[in-house]
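Participant: Sequence and predicted structure below; questions after.
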Amino acid sequence: MGNFPNLFKPITIGNFEAQNRILHEPTDISSSHADGSVSTLDIHHHAEIAKGGVGIVIVGATSPDGETGRPTVNSLVADNDRYIPGLARLSDGIHRYGAKCAVQLMHPGRQAAIPRYNTMSTNDMIIKVPWSAGHEVIYATAEEQGKRARAMTIEEIIDMIDKFSDAAWRVQQAGFDMVQLHGAHGYLIAQFMSPYTNRRTDRFGGSFENRMRFPLAIIDQIHKKCGYDFPVSIRYSVDEWIEGGRSLEESIEVAKLFEQAGVALLDLSQCITETPGAGFDPMYYEQGWTMYASEAIKKVVKIPVVNSHTLRDPEYCDRVIAEGKTDMVGLSRQLLADPYWPVKAYSGKVKEIRKCISCLTGCWQDSMLAKKHIACAVNPAVGDMRYEHIKTAEKPMNIAVVGGGPAGMEAARLSTIRGHRVVIFEKTGELGGAILGCCMTPGKIKMKWYTDWIRFQIDKLKVEVKLNHEPALEELKKYDVVVNATGASSYIPEVVGMKKGFISPFEEVIACPKATCEFYPGDRKPKKLGERVVVWGDHFAAADTAAYLASIGRDVTIVTENGQFGSGIEPVHMYVLRKRFDQTDAEALSSKPFKYPVKVRTGSSIYAVDKSRVVIADGSFNKDELEADDIVSCLVRPNDGLYKKLKSAGLKVVNLGDSVSVRNLHYAVKEGANFGLTIDGNQIYNGNRFVDEVSLEVQSQF
Ligand SMILES: Cc1cc2nc3c(=O)[nH]c(=O)nc-3n(C[C@H](O)[C@H](O)[C@H](O)COP(=O)(O)O)c2cc1C
Ligand code: SF4
């Protein structure tokens, strides 16, 4: 008998039984071929999730009409019979490992990435939502214009009902056990259902009955084309978190209506695209914040209900099922971060679970928003099929990794797994690097989950770690290769009237002093600052420092040269952060501790300091003054000094992560992992990298 018996209890949905209560929520991985047909990566990705042991895999947004609406540039399409063979290979790839499967049909309507313009919706509207993959096309110098969407004609609506139900028939032909309709997150079906977006005055708009006509007509047509026993699920947002939008009260009526219409499984979600915090929960959201929704809806329906959002712990998921708060738990990003979550839970290997930290950098900012395929900040294997065939090194090497942050640790982890001998040199007293400061930032404790996971792996693999140790050149010469993963640090530029100690590097301010962590060495001493603090810079360093200082009651002003603060930060985090700094409520985060007043001076830089006066100047040298007791520098640049020194001394050295250029966790992990995945003693060093897969003919010349 495995662990977590409630989670692993079978469940009947319509005409089939799933082996457990864990459901992979639909996740668009934008990895299909350009025409929307199933790719090898689509099959590999979903098969990995099935191998990990989920009960049901729901494949993400698949368009019933690729020409008028795809939510991301490489999302799946099912608008023609020629897509059936690819979809059949996908369902086979999932069934092979014992999971049941479904496809989510979704038309993005106004939120289409394809086409870019002339998108259709319930009514004419202009929308501005730069955090959505389908919305704004942001050119480097463009103002946020918004995009125009147009009202669908009655003929187009009737035609779309037909297209949805035809697509469902194709899904059934391809061997899937169920079809799901996407009625959440402000996409086309949600645009009809929501009183906020649907301003039509004909029979498809206005009253509750009229707004529900479009999804109910689709369900009816699917039943007619696929038979009444082919299970249909619908996903919809219980709360849209916007004035004039749907909330729990109406969502209870929606649930009753769907049950009457023959829906087999209700999949509850949150948000409309205007309120992305609640739908693409950034780090600030706590596990269980959506549980009220299924608790309420389960009281009025008999069909199974799945709840989702920020579910990460098997213990918690098992408990809410035992307590009858939901019938199933839905995981999306958690199965990107670790597709083996179910089997690890079942076998009691909970500490091995690599938890999703809700950062949205890999799976949203650097993939969907950048119009690329899926990735994950903590799991480099997502979207990269090379990780399926990790091989032991043919010629193991002695590797020195300088810097114990994410890039260095990931390089060490994979190199060790492949049989290399690795030593990590870390100049401070513990492993973790830049992400350690996140323990101090309100709502960002999830970063520590990753830090703890990778430190645990390094420990388990018995990688040699030399703390408080900055290796000299002579010492490093003993190794076959040196990895420079020295990260980035803040610097203090020349400022008129600068005096010692008035400007502090942010690293001295947000070092967590709490001795509650198993890896804590006890030597962190954060600097105490005065009442009024100017935080100088942008990006996460400035955002985190400002949030931390505001949370401990400091009067904080951010000074940034950028036109808008935080434009490089992952957009959903930026959106919620700006609301918090403005002291307005971000959706579903109305609790007091989430509001920290932080003033922001954009388009400005610090020009001079004089006692407690800080002179700032804008781009046209217009000056202004701020009163401050301290300034914290969050201006960050790569630490590439050692790399240059080792290179000029003739060592084989590879530079990775923030010491190349300052980016985010996703790039640090990806570059570290790629090194570990490929490095081998029989490779050629091209002066920058070790090159794998060089032909035998070329190798013979070295
Ligand atoms: C990259 C990405 C793609 C997503 N694609 C879909 C989708 O196709 N359909 C859908 O209903 N939700 C989609 N979502 C939302 C997730 O299913 C889920 O509701 C959300 O990420 C919060 O739950 P989680 O914390 O389990 O990830 C997507 C989310 C992400 C991050
Ligand atoms: S990129 Fe971040 S939010 Fe997305 S799945 Fe990975 S850890 Fe989770």
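Facilitator: Good, I have the coordinates. Residues are numbered from 1 along each chain as shown. Ligands and ions are numbered 1, 2, ... in the order given.
Participant: all contacts plus neighbour counts: C-alpha atoms, from now on.
Facilitator: Noted.
Participant: Now for the residue nearest to His24 when sequence neighbours are not counted: which residues touch it?
Facilitator: Closest residue to His24 apart from its sequence neighbours, by CA to CA, 6 or more residues apart in numbering: Val57 at 4.7 Å. With contact set as CA atoms under 8 Å, 6 or more residues apart in numbering, Val57 has these partners: 23-26, 46, 49-50, 94, 99-102.
Participant: Go through this protein and flag its longest helix.
Facilitator: helix 154-173 (DSSP state H).
Participant: contact partners of that helix?
Facilitator: 64-65, 78-81, 83-84, 87-88, 102-103, 105, 178-179, 214, 217-219, 221-222, 225-226, 230.
Participant: Please check these and keep the buried ones.
Facilitator: 64-65, 78-79, 83-84, 87-88, 102-103, 105, 178-179, 214, 217-219, 221-222, 225-226, 230 (16 or more other CA atoms under 10 Å).
Participant: Which positions in the stretch 1-150 of the chain make contact with ligand 1?
Facilitator: Residues of the stretch 1-150 of the chain lying close to ligand 1 by CA under 6 Å from any ligand atom are 25-28, 60-61.
Participant: swap in the chain?
Facilitator: Counting by CA under 6 Å from any ligand atom, the residues of the chain close to ligand 1 are 25-28, 60-61, 182, 279-281, 308-311, 331-334, 363-364.
Participant: Take those residues and keep only those in helices.
Facilitator: Judged by DSSP H, helices contain the following of these: 279, 333-334.
Participant: contacting residues for the most centrally placed residue in the chain?
Facilitator: The residue lying closest to the centre of the chain (CA atoms, centre = their mean) is Leu360, at 2.4 Å. Shown in contact with Leu360 (CA under 8 Å, 6+ apart): 282, 377, 570, 572.
Participant: what about the last one, helix or strand, and which?
Facilitator: Taking DSSP states H and E as the definition, Val572 sits inside helix 571-581.
Participant: That helix near ligand 2 at all?
Facilitator: No: judged by CA under 6 Å from any ligand atom, helix 571-581 and ligand 2 are separated, with a smallest distance of 10.9 Å.
Participant: Please list the residues outside that helix that contact it.
Facilitator: With CA under 8 Å, 6+ apart as the test, helix 571-581 has contacts from 130-131, 276-277, 280, 282-283, 360, 365, 566-567, 585-586, 594-599.
Participant: And the buried ones among those, selectable in ChimeraX?
Facilitator: Buried residues within the contacts of helix 571-581, by 16+ other CA under 10 Å, are selected in ChimeraX with:
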select :130,131,276,277,280,282,283,360,365,566,585,586,594,595,596,597,598,599
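Participant: I would like the residues contacting stretch 531-542, please.
Facilitator: 506, 545-546, 553-562, 565-569, 605-606, 627-635.
Participant: Need the buried ones from those residues selected in ChimeraX.
Facilitator: Selection of buried members from these for ChimeraX, criterion 16+ other CA under 10 Å:
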select :506,545,546,554,555,556,557,558,559,560,561,562,565,566,569,605,606,627,628,629,630,631,632,633,634,635
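Participant: Keep only those of the contacts of stretch 531-542 that are in strands.
Facilitator: 555-559, 605-606, 627, 630-634 (DSSP state E).
Participant: Relative to Val343, which of the residues you listed is nearest.
Facilitator: Set against Val343, the nearest of these by CA to CA is Cys634 (41.8 Å).
Participant: so how far is ligand 2 from the closest one?
Facilitator: 23 Å (CA to the nearest ligand atom, to the nearest Å).
Participant: where does the residue lying closest to that residue once chain neighbours are set aside fall, phi/psi-wise?
Facilitator: Computed as CA to CA, 6+ apart, the closest residue to Cys634 that is not its neighbour in sequence is Gly537, at 4.8 Å. When read as degrees, to the nearest 10, the backbone of Gly537 gives phi 140, psi -170.
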